[in-house]
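Peer 1: Generate coordinates for the sequence data below:
(one chain, ligands or ions: 1)
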Amino acid sequence: MSFPFPELAYSYDALEPHFDAMTMEIHHSRHHKTYFTNFTTAIQGTPLAEQTWAQIFAQVSKHPLVIRNHGGGHYNHTMFWNCLAPKAGGLPSGKIADAINKTWGTFDSFREKFNAAATTRFGSGFAWLIVNAKNELEITSTANQDNPLMDTETVRGTPVLCLDVWEHAYYLKYQNKRPDYITAFWNLVNWKFVNSELEKCLK
Ligand code: MN
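Peer 2: Predicted structure coming up:
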């Protein structure tokens, strides 16, 4: 568990024209920062400060709601920023490409199902690609700042890719057109990061 507020690995305008600089700045420096501050304040001096994300979320139903909402918000956004990179996207390669093809046949078929999960998540939440307990890939979505590591979820696993579908993630540029934002996301997916997360799961 690291306490300094994590900087982005790229500048706020680096994901243009897909994700605009103003949205990125507000999303990171205000929305994410608020989750981070409330979470780190809540765990300070408690045993949770020594635990991993997996340990914290595996018992999140027993913790105060601030842990679920703001710990979730901090973890989910950190994961989301890592899943993005300038001049990225396109087709995956390596182990993640093999695993996607094994599970869904083609990349397009996988993307269609991920997009459906992201589009049909009503209200605020996230779409996820996870590695489940059988070491298989699975697509799911969660409400609000919940995530698939939480014991409150029915579909559980370790995230390797996520997409924030809260309106704060896209409203300035895309207004109500969430599907356009989802289409833009695929130009930014950092498959190198997704591969590294997958490899950690398969060890
Ligand atoms: Mn967000």
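Peer 1: Can you name the residue of this structure nearest the ion?
Peer 2: D164 (4.2 Å; Cβ to the ion). (C-beta placed from N, C-alpha, C; glycine too.)
Peer 1: Which pLDDT value goes with the residue most central in space within the chain?
Peer 2: With distances taken as Cα atoms, centre = their mean, C162 lies nearest the centre of the chain, 3.3 Å away. The model reports C162 with a pLDDT of 98.
Peer 1: Partner strands of whichever helix or strand it is part of and their direction?
Peer 2: In the assignment (DSSP states H and E), C162 maps to strand 158-164. Here strand 158-164 is paired, per DSSP bridges, with strand 125-131 (antiparallel).
Peer 1: do you know how far the nearest residue to F193 once chain neighbours are set aside is from T40?
Peer 2: Closest residue in space to F193, ignoring its immediate chain neighbours: N82 at 5.1 Å, by Cβ to Cβ, 6 or more residues apart in numbering. To T40, N82 is 19 Å away according to Cβ to Cβ, to the nearest Å.
Peer 1: do the same with S196
Peer 2: On the measure of Cβ to Cβ, S196 and T40 end up 25 Å apart.
Peer 1: between these two, which one's more packed in?
Peer 2: The neighbour count for S196 versus T40, taken as other Cβ atoms under 10 Å, is higher for T40 (18 against 15).
Peer 1: which residues touch stretch 32-51?
Peer 2: Identification of contacts with stretch 32-51 by Cβ atoms under 8 Å, 6 or more residues apart in numbering yields 1, 3, 5-6, 56, 63-64, 66-67, 69-74, 77-78, 81, 145.
Peer 1: Verify the contact between R178 and L163 for me.
Peer 2: No - contact between R178 and L163 fails when scored by Cβ atoms under 8 Å: they sit 10.3 Å apart.
Peer 1: what about the longest helix belonging to the chain, distance to the chain center?
Peer 2: In the chain, taking DSSP state H as the definition, the longest helix is helix 107-120. Centroid separation for helix 107-120 versus its chain: 15 Å, with Cα atoms, centre = their mean, to the nearest Å.
Peer 1: Can you pull the phi and psi angles for the residue lying farthest from the centre of the chain?
Peer 2: The C-alpha centroid of the chain is most remote from G45, which lies 27.2 Å away (Cα atoms, centre = their mean). Backbone torsions of G45, given as degrees, to the nearest 10, read phi 80, psi 10.
Peer 1: joint contacts of R178 and L163?
Peer 2: Here R178 and L163 have A118 as joint contacts, going by Cβ under 8 Å, 6+ apart.
Peer 1: All good on my end, thank you.
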